[in-house]
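In: next comes the sequence, and after it the predicted model I'd like to discuss.
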Amino acid sequence: MIYTVTFNPSLDYIVRLDSFTAGEINRVNYEQVLGGGKGINVSIVLGNLGHESTALGFTAGFTGEEIKRQLDGFGVKHDFVQLPEGFTRINVKVKADKETEINGQGPDISEANREELFEKLDKLSKGDTLVLAGSIPKTLPDDIYEKIMARLEGRGIRIIVDAEKKLLLNVLKYHPFLIKPNNHELGDMFGVKLTTDEEIITYAKKLQEKGAQNVLISMAGDGAILLTADGKHYKSPAPKGKLINSVGAGDSMVAGFITGYIESQGDFETAFHMGVATGSASAFSENLATRPEVEALLKTII
Ligand SMILES: Nc1ncnc2c1ncn2[C@@H]1O[C@H](COP(=O)(O)OP(=O)(O)O)[C@@H](O)[C@H]1O
Ligand SMILES: O=P(O)(O)OC[C@H]1O[C@](O)(COP(=O)(O)O)[C@@H](O)[C@@H]1O
């Protein structure tokens, strides 16, 4: 069984404008409200690709209800800890000549709420896959990722982590099966700007030295690089197409990778290609990738 955890889900309010000027009234010419947050996007795309998962995490208020309503519409199972107060954040994605994102901070989460999530995670068993993804609201301790990984250590659960900076660096000692920083996040972790593939591979290896098993570096329109635990690396360009909405492309890549890995019974190259095609299929669409869209792009990169 696959589980995703989104510590800080969001209702993504995506707007398009011909131009955007800070300090003035700007009127949009397109708007969409999509339930999101990294783990939730992974669960939706897994469903689109034909794999069942359960979305876990914390939801609150009317925005949390809307996310659950949308997940029900997609047929995605969910079992969130319901917070008594506050509301799940709204993240604003402004698409004009440049892309601007305003991401909310999220509701308060108490120790008792946290314990409720831990109890749900205690039910996972050998062979399960767990995706831990995204930022955390400020009331969660910044060792929450570590605490979960320590608690599940040695249980035979395949753990995938998609988070930034310290949240990611601090869990490497628990040997996550896969991590997926993008090239900018990889550079930020080491305080450097990475430009060439060689530099990216060098720094991705440093994450393996710190404990990560497999490292998938996404590079938006430049494709991706995968370093596997057995010392191999793979590079793929991104499929060609028109960028429409890159929100959720990274999460889609994770869902595609899991799908390819499961369907090929553990072949990394297949998983990698499926990840790249799924990320791009989402980037080339208003909504998250569907299976026919992914399969059409897959043919162009293998
Ligand atoms: N402009 C684009 N053109 C083609 N593919 C894209 C584009 N943006 C993203 N993708 C696909 O989605 C994957 C993840 O995108 P990326 O933006 O690197 O992730 P994140 O959202 O985590 O920053 C890329 O590796 C690529 O396969
Ligand atoms: O948890 P964070 O890092 O604030 O990110 C949340 C945002 O990331 C997303 O999950 C999209 O992520 P990606 O574009 O990296 O795939 C949005 O749905 C959401 O608004």
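Out: That came through fine. Numbering: from 1, shown residues only. Ligands and ions are numbered 1, 2, ... in the order given.
In: what is the burial count for G191?
Out: Other residues lying near G191 total 6 when counted by other CB atoms under 10 Å. All C-beta atoms are positioned from the backbone trio N, CA, C, and that covers glycine.
In: excluding its backbone neighbours, what's nearest the residue in the stretch 151-300 of the chain positioned nearest to ligand 2?
Out: Using CB to the nearest ligand atom, the closest approach of the stretch 151-300 of the chain to ligand 2 is made by G250 at 3.4 Å. Nearest residue to G250, sequence neighbours excluded (CB to CB, 6 or more residues apart in numbering): S218, at 5.5 Å.
In: and I217, that's in a strand?
Out: Yes: according to DSSP: H, G, I helix; E, B strand; the rest coil, I217 belongs to a strand.
In: backbone phi and psi for the closest residue to it other than its chain neighbours, please?
Out: Closest residue to I217 in three dimensions, ignoring its sequence neighbours and counting by CB to CB, 6+ apart: I225, at 4.7 Å. With angles defined as degrees, to the nearest 10, I225 sits at phi -130, psi 140.
In: from what I can see I225 touches E198, true?
Out: No: using CB atoms under 8 Å as the test, I225 is too far from E198 to be in contact (10.4 Å).
In: so who does the residue nearest to K235 when sequence neighbours are not counted touch?
Out: Leaving aside its sequence neighbours, K235 sits nearest to I225 (CB to CB, 6+ apart; 5.0 Å). I225 is in contact with D197, I200, I201, A204, L216, I217, M219, H233, Y234, K235, S236, counting by CB atoms under 8 Å, 6 or more residues apart in numbering.
In: can you give me the pLDDT of I225?
Out: pLDDT, I225: 98.
In: tell me what the helix or strand where I14 lies is packed against?
Out: For I14, the host element (DSSP states H and E) is strand 10-16. Packing partners of strand 10-16 (3 or more CB pairs under 8 Å, 6 or more residues apart in numbering; DSSP states H and E): strand 30-36, helix 61-74, strand 89-95.
In: using CSV, lay out those together with mean pLDDT and distance to ligand 2.
Out: CSV is the format used below for the helices and strands packed on strand 10-16 (pLDDT from 0 to 100; distance: least, CB to the nearest ligand atom, whole Å):
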stretch, mean pLDDT, distance to ligand 2
strand 30-36, 96, 3
helix 61-74, 98, 10
strand 89-95, 96, 4
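In: save those as JSON lines, and put in mean neighbour count too.
Out: Shown next, in JSON lines, are the helices and strands packed on strand 10-16 (neighbours: other CB atoms under 10 Å):
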{"stretch": "strand 30-36", "mean neighbour count": "17"}
{"stretch": "helix 61-74", "mean neighbour count": "16"}
{"stretch": "strand 89-95", "mean neighbour count": "18"}
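In: how about TSV for those, with distance to E119 added?
Out: What follows is those, written out as TSV (distance: least, CB to CB, whole Å):
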stretch	distance to E119
strand 30-36	24
helix 61-74	19
strand 89-95	24
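In: among the ones you listed, which is nearest Q208?
Out: strand 30-36 (29.6 Å; CB to CB).
In: and the nearest residue to L167 once chain neighbours are set aside, how many neighbours?
Out: If the residues on either side of it in the chain are set aside, L167 comes closest to Y145, at 5.2 Å by CB to CB, 6+ apart. Using other CB under 10 Å, the number of residues around Y145 comes to 25.
In: buried residues of the strand or helix carrying Y145, list them for me.
Out: Taking DSSP H and E as the criterion, Y145 maps to helix 144-152. Using 16 or more other CB atoms under 10 Å as the test for burial, helix 144-152 gives I144, Y145, E146, I148, M149, L152.
In: of these, list those near ligand 1.
Out: When contact is defined as CB under 6 Å from any ligand atom, the buried residues of helix 144-152 do not meet ligand 1 at all.
In: quick check, nearest of those to N287?
Out: Once CB to CB is applied, the member of these that ends up nearest N287 is Y145, at 28.7 Å.
In: contact residues of the chain facing ligand 2?
Out: 8, 10, 12, 36-38, 41, 91, 103, 134-135, 247-251.
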